[in-house]
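Trainee: here is the input, now give the coordinates:
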Amino acid sequence: MSNPYEPPETDPRDSMRFVASAEGIYQRGMIGHIRVVAILMMIQGVLELVMGVFLGVMAAIMPSMMQNMQQMQNPNQGVPIAQVSTMVTVMYGVMALVLGAVGGLTAFAGFRNYQLRARVLGIVSMCLGLLTVFGCYCFPTALALMVYGLIVYLNQPVAMAFDRVANGESVADVLLK
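Mentor: Next up is the predicted model:
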């Protein structure tokens, strides 16, 4: 009786692919991870854009909500609502602009990286993702994506794959060889 959880007996060299270059033969490395990182970047960028839109809406409606709340309570008590509502509007507006800009750049870079183009733009957009510290849920995923993406994009075979596509080779050939 055989163990169904035992890994199949295969030659470990079957799963390794090699990339030929002028300097010699290198292991394929993380080339298969490029598209995974690119898809994750597009998802992250869209989520950041959604959060930016949400914060922009909050910047627009919070002053009127605060004025309504003060009128329902005692209107002669506390800090003047005009100062607080201006501060809240500016704060939410700045957060919306930052998240929208970073999200748009990340989604665009992910789209370009999926085609194995603009590697440096991908690295920059992943690092700029740390500016999403304002968007609560965006920061942990941006940090995880940055770590994973930098591990992949700073790998030498990955850099060579981007260079090969820039030199005119097709994406399919680069991903399969």
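Trainee: show me where the chain has its helices.
Mentor: Counting by DSSP state H, one finds helices in the chain at the ranges 34-72, 81-114, 119-128, 138-153, 156-166, 171-176.
Trainee: so Gly104 touches Val46, yeah?
Mentor: No. At 9.5 Å, Gly104 does not count as touching Val46 under the criterion of Cβ atoms under 8 Å. In this view, the C-beta of every residue, glycine as well, is placed from N, C-alpha and C.
Trainee: shared neighbours of those two, which are they?
Mentor: Listed contacts common to Gly104 and Val46 are nil; contacts here mean Cβ atoms under 8 Å, 6 or more residues apart in numbering.
Trainee: who's in contact with the closest residue in space to Val88 that isn't next to it in sequence?
Mentor: Nearest non-adjacent residue to Val88, counting by Cβ to Cβ, 6 or more residues apart in numbering: Met62, 5.0 Å away. Applying Cβ under 8 Å, 6+ apart to Met62 gives the contacts 85, 88-89, 92.
Trainee: ranking the residues you listed by neighbours, who comes first?
Mentor: Tyr92 (21 neighbours; other Cβ atoms under 10 Å).
Trainee: OK, contacts around that one?
Mentor: 55-56, 58-59, 62.
Trainee: center of the protein - which residue?
Mentor: The centre of the chain sits closest to Met41, judged by Cα atoms, centre = their mean, with a distance of 3.6 Å.
Trainee: excluding chain neighbours, what is closest to that one?
Mentor: Nearest non-adjacent residue to Met41, counting by Cβ to Cβ, 6+ apart: Gly110, 3.0 Å away.
Trainee: what does the model give the residue nearest to the centre of the chain for pLDDT?
Mentor: Looking at Met41, its pLDDT is 96.
Trainee: now the residue nearest to Arg117 when sequence neighbours are not counted: how far from Tyr114?
Mentor: Using Cβ to Cβ, 6+ apart and skipping the chain neighbours, the partner closest in space to Arg117 is Val165 (6.4 Å). Val165 sits 11 Å away from Tyr114, going by Cβ to Cβ, to the nearest Å.
Trainee: okay then, goodbye and thanks.
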